[in-house]
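Asks: This is a predicted model, with the sequence first.
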Amino acid sequence: MKRLRKHTAALLVACLLLLNAAAAVSAQSADEASRQYDVSFSVLKDGTDTVSAMDEYTQKPARIAVENGQVYIYLTLLKSSWVTGFEVEQNGELAAPEEVSADAAADTKTVRFPAGDLTAKTNAHITVEVPAMNYKGDYKVQLKFDTTGMPGASSSHGGAPTGTVSEGTYTTGEQPGAGHVQAGPYPIAFTILKDGTEEVSSMANYTDKTAQLTVQDGVYHIAFTLKSGSLIPNVQYEHDGAYVDAAVVSTDAAADSRVLDIVVGDLAGKTNVALEVNAGPRGTMKHTVQFKFDLASVGGGSHGAGNGQGQGNGASNGGMPTDIASHWAYASIAQAVGRGIVAGYEDNTFRPDGNITRAEFAVMLAKALKLQGEAKAPSAFADAGSIPDWAAASVALAGEAGLVSGYEDNTFRAGGLINRAELAVIIARAAGLSAEEQADSTFADASSIPAWAKGVVSAAVQAGFIAGRDGNLFAPAEHATRAEAITLLLKVINQPKK
């Protein structure tokens with residue numbers, strides 16, 4: 001009986017919201033408007049108000065609909081081939097929602113489930129698997145629906161968690177004078193605190209006091225200026241439980257400064273940042289500090305700000321590719337951009353799901369492994385004249401280091417797309433792995449792995465650098481993507497030193 005009353009009350013609340021929305025939806029008939037409504041939401045880390053990385057796997061907004069007296073939520077999953085499990089709490093138990101439609105080309109799937117109390121968090125469980133990256137993760141999360149903008153809902157910010165994203169808009173909750181600001185960039189004040197304290201760190205003297213906040217596809221980016229940059233050669237920030245390099249947006253050698261970009265999960269909390277400081281004769285000293293952001297300062301305290309001009313250090317996110325914020329490989333790509341290993345195209349995109357050529361990967365390889373100087377001899381490849389100027393030196397250095405080789409006709413084929421067998425061989429060489437003498441593969445297509453690659457493919461798989469694809473296939477002839485290539489390369493250079 002108690003459960004029935006709770007369910008009935010939730011239904012009445014949802015119906016009230018939907019009925020009150022009718023007057024505001026002029027583009028639809030009164031009947032249609034009273035039965036469906038778009039609502040923004042966030043996927044939060046279990047038991048917190050911090051946006052989870054799983055938020056990137058959902059399309060905003062969701063849709064609420066009343067059908068035959070039942071209130072349903074329609075939600076679209078992105079990269080649905082990777083989302084191998086998705087359950088939502090229904091009537092006190094986790095259950096898989098009903099699949100409504102799927103788009104194989106777009107790799108999306110829309111599901112629906114009965115709505116509970118829209119003003120409370122809804123428990124959910126999601127499983128993400130990326131076979132090509134040998135990755136599997138299970139996440140307990142909560143869905144938080146933002147009803148503050150719905151007609152009939154409370155006008156206060158109490159219905160939305162502080163520091164969540166709602167359709168490109170940053171919601172500052174109850175912070176005075178901030179209100180809703182556009183996605184930015186716009187200035188935000190911050191302080192740097194000593195580890196585990198509220199005391200200002202001396203590291204605050206090495207940054208401007210105002211950063212730039214930008215929201216991209218539900219992800220918070222903070223760009224800040226680091227002064228006396230030569231004294232602080234390395235800056236890392238904590239992201240999803242691991243420390244990753246801050247991305248370099250721009251560098252001013254004359255001023256000895258650079259603008260760095262970090263991703264912040266919870267603007268209302270503290271963000272851990274690790275610094276390496278060059279202390280001269282004393283060597284390198286490591287410091288861990290916390291960045292704390294002043295939400296009341298967002299947009300300079302102006303409700304109407306949001307033209308992107310603002311005041312502050314003038315930094316923008318222009319140095320980061322514009323199409324990676326919601327990609328599964330964001331952290332790897334951002335780290336690679338920050339280290340100068342990769343860069344975007346002329347239109348400032350990275351195209352993470354695009355294929356990668358042999359020349360492009362040779363350049364990434366040379367930069368990642370810091371192959372510098374000039375090769376001792378010109379490239380001996382028969383088609384050396386067709387290797388682009390921007391890649392010629394890297395190809396020569398990588399070839400001299402024994403990392404890349406040509407085909408049977410002694411051509412390099414710079415414009416050819418690199419396949420998974422070639423990628424595995426190069427990665428194994430870069431990691432210093434020896435070919436397995438007993439290359440007994442359990443892959444269903446083991447017989448299709450070329451003889452020259454069998455031993456090193458086995459070694460790379462055993463070392464955890466590369467994995468099979470769906471159906472227990474290694475797919476040696478399949479082309480690798482730019483995101484896959486850079487992620488595997490970072491695994492090599494980030495492996496513990498022996």
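Replies: Structure received.

Asks: helix, strand or coil for residue 261?
Replies: strand (DSSP: H, G, I helix; E, B strand; the rest coil).

Asks: Determine the number of other residues adjacent to the residue nearest to it when sequence neighbours are not counted.
Replies: Counting by CB to CB, 6 or more residues apart in numbering, residue 247 is the residue found nearest to residue 261 once chain neighbours are left out, at 4.3 Å. C-beta here means a position set from N, CA and C on the backbone, and glycine is covered the same way. For residue 247, the neighbour count with other CB atoms under 10 Å is 27.

Asks: what residue is smack in the middle of the chain?
Replies: With distances taken as CA atoms, centre = their mean, the chain has residue 330 as the residue nearest its mean C-alpha position (3.4 Å).

Asks: Does that residue touch residue 263 like I think?
Replies: Yes. With contact defined as CB atoms under 8 Å, residue 330 counts as touching residue 263 (7.5 Å).

Asks: Can you work out which residues contact both of these two?
Replies: residue 219 (CB atoms under 8 Å, 6 or more residues apart in numbering).

Asks: rewinding a little: how close does the residue nearest to the centre of the chain sit to residue 240?
Replies: As judged by CB to CB, to the nearest Å, residue 330 and residue 240 stand 10 Å apart.

Asks: Give me the domain ranges for the chain.
Replies: 2-161, 180-319, 358-493 (automatic domain parsing).

Asks: Using JSON lines, lay out the ones you listed together with mean pLDDT and distance to residue 352.
Replies: Below are the domains of the chain laid out as JSON lines (pLDDT from 0 to 100; distance: least, CB to CB, whole Å):
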{"stretch": "domain 2-161", "mean pLDDT": "70", "distance to residue 352": "12"}
{"stretch": "domain 180-319", "mean pLDDT": "74", "distance to residue 352": "13"}
{"stretch": "domain 358-493", "mean pLDDT": "84", "distance to residue 352": "4"}
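
Asks: The ones you listed into CSV, with extra columns for distance to residue 349?
Replies: Formatted as CSV, the domains of the chain follow (distance: least, CB to CB, whole Å):
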stretch, distance to residue 349
domain 2-161, 17
domain 180-319, 12
domain 358-493, 11
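
Asks: so which of those domains gets nearest residue 347?
Replies: Each of the domains of the chain was scored for nearness to residue 347 using CB to CB, and the closest is domain 180-319 (12.0 Å).

Asks: Would you map the helices across the stretch 301-450 of the chain?
Replies: Per DSSP state H, counting those that start in this stretch, the stretch 301-450 of the chain carries helices over the ranges 330-338, 358-368, 389-400, 420-430.

Asks: Out of the ones you listed, which is closest to residue 469?
Replies: Of all the helices of the stretch 301-450 of the chain, it is helix 420-430 that lies closest to residue 469, at 8.5 Å by CB to CB.

Asks: Off-centre distance for that closest one?
Replies: 25 Å (CA atoms, centre = their mean, to the nearest Å).

Asks: what angle do the next helix or strand after that helix and helix 420-430 make?
Replies: Per DSSP states H and E, the first helix or strand lying C-terminal to helix 420-430 is helix 451-462. Orientation check (axes from the mean of the first three to the mean of the last three CA atoms, to 10 degrees): helix 451-462 against helix 420-430 gives 70 degrees.
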